[in-house]
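**Q** could you look at this predicted model? Sequence included:
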Amino acid sequence: MAQCKITVLKTTLQKEIAEEFCQSEVSVLPFIRRRADVYH
């Protein structure tokens, strides 16, 4: 499987949208920083 690199440009939580579209509680991930590279 190929690896995918994601660069975090902005970290926000829009509670109204999360409440409307998510089935469970959503919170900010404290270990994700702006400009961090995440590999998936």
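**A** Here it is on my side, so go on.

**Q** state the distance from residue 26 to residue 3.
**A** Between residue 26 and residue 3 the computed distance is 26 Å (CB to CB, to the nearest Å). Bear in mind the C-beta positions are built from the backbone N, C-alpha and C, glycine included.

**Q** and those two? which has more neighbours close in?
**A** Relative neighbour count places residue 26 above the other of residue 26 and residue 3, with 14 against 6, counting by other CB atoms under 10 Å.

**Q** what ranges does this protein have for its strands?
**A** In the chain, the strands defined using DSSP state E lie at 5-7, 37-39.

**Q** so where is this structure shaky, pLDDT-wise?
**A** 29-36, 38-40 (pLDDT under 70).

**Q** let's see 80
**A** 1, 8-13, 27-40 (pLDDT under 80).

**Q** all helices of it, in order?
**A** 15-21 (DSSP state H).

**Q** any idea how far stretch 8-28 is from the middle of the chain?
**A** Computed by CA atoms, centre = their mean, to the nearest Å, the chain-centroid distance of stretch 8-28 equals 8 Å.

**Q** residues contacting the residue lying closest to residue 7 once chain neighbours are set aside?
**A** Closest residue to residue 7 apart from its sequence neighbours, by CB to CB, 6 or more residues apart in numbering: residue 37 at 5.5 Å. Applying CB atoms under 8 Å, 6 or more residues apart in numbering, we find residue 37 in contact with 5-8.
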